[in-house]
Each structure stands twice: as structure tokens, then as C-alpha cells.
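Trainee: return a 3D structure for these sequence lines:
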Amino acid sequence: MSSIHTTSDPESLRDLAVRVAVEAGELAAEGQAGVTVLDTKSSPTDIVTKMDRATEDLIRSRLLAARPDDAILGEEGGDESGTSGVRWVVDPIDGTVNYLYGQPDWGVSIAAEIDGTVVAAAVNVPRRGEMYEAVLGGGSRRNGEPLQAPPAVPLDRALVATGFGYFSERRRQQARVLLEVAPLVRDIRRGGSAAVDLTGVAAGRCDAFYERGLHPWDWAAPGLVATEAGVRVGGLHGGPPANDLVIAARPELYDALDALLAPLGADRD
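Mentor: So this is what the prediction gives:
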């Protein structure tokens with residue numbers, strides 16, 4: 001990992017992301033048993049553990065050792081500028097509450113952007129033994145095997161994953177939306193990690209996903225994995241994914257879910 005790379009082709013960026021995600025996942029998995037809350041961020045329920053920071057430190061050090069001119073945006077460490085045109089978007093442990101409670105659904109997400117477009121991604125879900133990877137225009141893989149999302153189903157037969165924010169007022173509105181959505185779909189799942197949910201849509205563990213309040217590090221890597229597996233990842237009214245709302249589903253189901261969520265105020269608190 002110490003050799004310096006100067007090429008910025010998406011395949012080499014993907015390969016680096018995978019290698020670093022493997023090492024970061026091993027570090028985080030080893031530290032899960034004894035983890036405790038180190039700090040909080042936006043609210044008392046928005047937690048940071050010592051391993052969140054240690055894992056991001058490892059990721060940053062490995063990426064910059066290989067590519068010292070790149071920029072990095074990380075959930076814990078903020079934005080670090082670069083000059084190469086490549087920016088890494090990193091979530092060291094997506095699903096920190098799951099991680100704290102010893103649950104398996106958390107992941108390490110590393111994406112590479114070139115001039116603002118995500119071109120390569122790795123998502124490691126260590127406790128499931130799953131490594132997802134993708135290159136823009138080159139497809140997705142899970143544990144080395146090509147990944148293709150199953151065909152769309154009608155909305156009333158869709159298993160829909162979602163998540164909740166950290167502020168009580170946002171949760172109230174999200175609960176109101178859910179009361180309207182739940183009777184119109186097959187069922188709802190709340191897993192606790194956007195990375196696991198988005199890759200889960202790609203893998204067919206659920207048919208669709210929506211959530212308000214996500215950030216680029218939440219959707220960059222798993223979003224590319226899902227997109228390259230045939231999933232549409234965007235926002236309300238078919239726009240790009242945004243903090244207001246992220247929706248993911250096969251295109252036909254995306255349109256139906258988008259139409260359902262829009263009048264419910266799923267993008268508002």
C-alpha cells in the first residue's frame with residue numbers, strides 16, 4: 001500500500017478502494033466487541049465511537065500514501081483538499097448504532113470521484129462476509145461475482161427499506177410518512193445502515209429504499225454499486241440523490257415510489 005499511484009483510471013481506483021476497505025473492515029470488526037460511545041454529533045442519538053475515528057484514520061492514511069495529491073471527504077474527518085481531480089468519499093462505519101450494539105449490519109464505504117462524478121466504489125460488510133465493488137459503466141460485483149438486481153415488482157408487492165433521522169421532529173414526520181406507505185407495500189424493513197440497504201437493493205434483499213437526511217458519504221459508494229446493478233438511485237421527482245431524500249429501486253418501481261412519497265412530504269421535516 002506504500003507505492004504511489006499516478007493513474008486515475010476507474011479500475012485502479014476501484015482496486016485501491018477494495019484493498020483499503022478490506023483492511024478497514026478487519027480493523028473495525030476486531031474492535032467491535034469492546035466499543036463504546038466516544039462522542040455525539042448532531043444529537044444525543046447521533047453517536048461516534050473510537051473505532052469510527054480509528055477506521056477513518058486508517059483509510060485516510062492508506063489512500064494518501066498511495067495517492068498523496070487526492071482530496072478526501074470523510075464523515076468524521078471532514079474535507080481535505082487535493083490537486084489531482086480525484087476525491088475519495090468515505091464512511092468508515094456506516095451503521096454505527098448497529099456496530100455499537102454488536103449487530104452485523106454495518107459497512108465500510110469508500111468511493112472515488114473524478115471531477116465530481118463517482119467512478120469507483122467499494123463497500124465492505126465484514127460481518128456478512130460481503131465485499132461489493134463497482135466501476136462506472138463497468139458493472140457491480142459481490143465477492144467477485146457479477147451483481148444484477150432482480151426485476152421490478154409492483155409497488156404493492158415491494159419490500160421497502162427505510163431509515164430514520166436523529167432529531168425527534170424529523171422522526172415524527174418520517175413516522176407519519178411511514179403510516180401512509182406501509183399499507184401500500186408488501187412490508188417495511190429498517191436495517192440501520194444506508195450502505196447495507198442500498199447494496200441490499202442491488203442484491204435483491206429488498207426491492208426499494210428511501211431515506212431523508214443522508215449525506216454524500218452515505219450514498220456515494222453503495223449508490224454506484226446499486227446503479228451499476230441496474231437500480232435507479234436518485235431523489236424526489238427523479239432528481240439526483242440529496243440530503244432531502246434518497247430513493248433507490250428498479251426504474252419502474254422507482255417511479256411508483258417517487259409518486260407515492262412526493263405528496264406525503266417525505267423530503268420535509
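Trainee: is Asp91 in a bridge, and if so with what?
Mentor: Using DSSP bridges, the beta-bridge partners of Asp91 come out as Ser109.
Trainee: ok, it touching Trp217?
Mentor: Yes - using CB atoms under 8 Å, Asp91 is in contact with Trp217, at 4.1 Å. Glycine gets a C-beta too; all of them are placed from N, C-alpha and C.
Trainee: pull the CA atoms of the host helix or strand of Ala259 into PDB?
Mentor: Assigned by DSSP states H and E, Ala259 falls within helix 251-261. What follows is helix 251-261, C-alpha atoms only, in PDB (Å, rounded to 0.1, in the frame of the first residue of the first chain):
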ATOM      1  CA  PRO A 251     -36.700   2.200 -12.600                       C
ATOM      2  CA  GLU A 252     -40.400   1.200 -12.900                       C
ATOM      3  CA  LEU A 253     -40.700   0.800  -9.100                       C
ATOM      4  CA  TYR A 254     -38.700   4.000  -8.600                       C
ATOM      5  CA  ASP A 255     -41.400   6.000 -10.400                       C
ATOM      6  CA  ALA A 256     -44.200   4.500  -8.400                       C
ATOM      7  CA  LEU A 257     -42.400   5.000  -5.100                       C
ATOM      8  CA  ASP A 258     -41.400   8.600  -6.100                       C
ATOM      9  CA  ALA A 259     -45.100   9.300  -6.900                       C
ATOM     10  CA  LEU A 260     -46.200   7.900  -3.600                       C
ATOM     11  CA  LEU A 261     -43.600   9.800  -1.500                       C
END
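Trainee: could you pull out the buried residues of that helix?
Mentor: For helix 251-261, burial by neighbour count (16 or more other CB atoms under 10 Å) applies to 253-258, 260-261.
Trainee: please apply the same query to stretch 108-123.
Mentor: For stretch 108-123, a neighbour-count test (16+ other CB under 10 Å) marks 108-114, 118-123 as buried.
Trainee: pLDDT of it, averaged?
Mentor: Mean pLDDT, computed over stretch 108-123, is 98.
Trainee: between Asp91 and Trp217, which contacts overlap?
Mentor: The contact sets of Asp91 and Trp217 overlap at 74-75, 109 (CB atoms under 8 Å, 6 or more residues apart in numbering).
Trainee: longest helix anywhere in the chain?
Mentor: helix 10-31 (DSSP state H).
Trainee: any buried residues in that helix, and which?
Mentor: By neighbour count with 16+ other CB under 10 Å, helix 10-31 contains the buried residues 10, 12-18, 20-21, 23-25, 27-29, 31.
Trainee: what do you get for stretch 189-206?
Mentor: So stretch 189-206, judged by 16+ other CB under 10 Å, has buried residues 191-203, 206.
Trainee: quick one: average confidence on it?
Mentor: So the average pLDDT for stretch 189-206 ends up being 98.
Trainee: repeat for stretch 251-263
Mentor: Regarding stretch 251-263, the rounded mean pLDDT is 98.
Trainee: likewise for stretch 61-69?
Mentor: Per-residue scores along stretch 61-69 average to 97.
Trainee: picking up where we left off before, which neighbouring elements make contact with the helix holding Ala259?
Mentor: Packing partners of helix 251-261 (3 or more CB pairs under 8 Å, 6 or more residues apart in numbering; DSSP states H and E): helix 168-181, strand 208-211, strand 232-234, strand 246-249.
Trainee: and that helix, how far out from the chain middle?
Mentor: 20 Å (CA atoms, centre = their mean, to the nearest Å).
Trainee: ok and that helix relative to helix 168-181, angle-wise?
Mentor: 120 degrees (axes from the mean of the first three to the mean of the last three CA atoms, to 10 degrees).
Trainee: other residues contacting helix 251-261?
Mentor: Helix 251-261 has contacts (CB under 8 Å, 6+ apart) with 152-155, 158, 160, 177, 180-181, 184, 207-208, 210, 232, 234, 236-238, 245, 247-249, 267.
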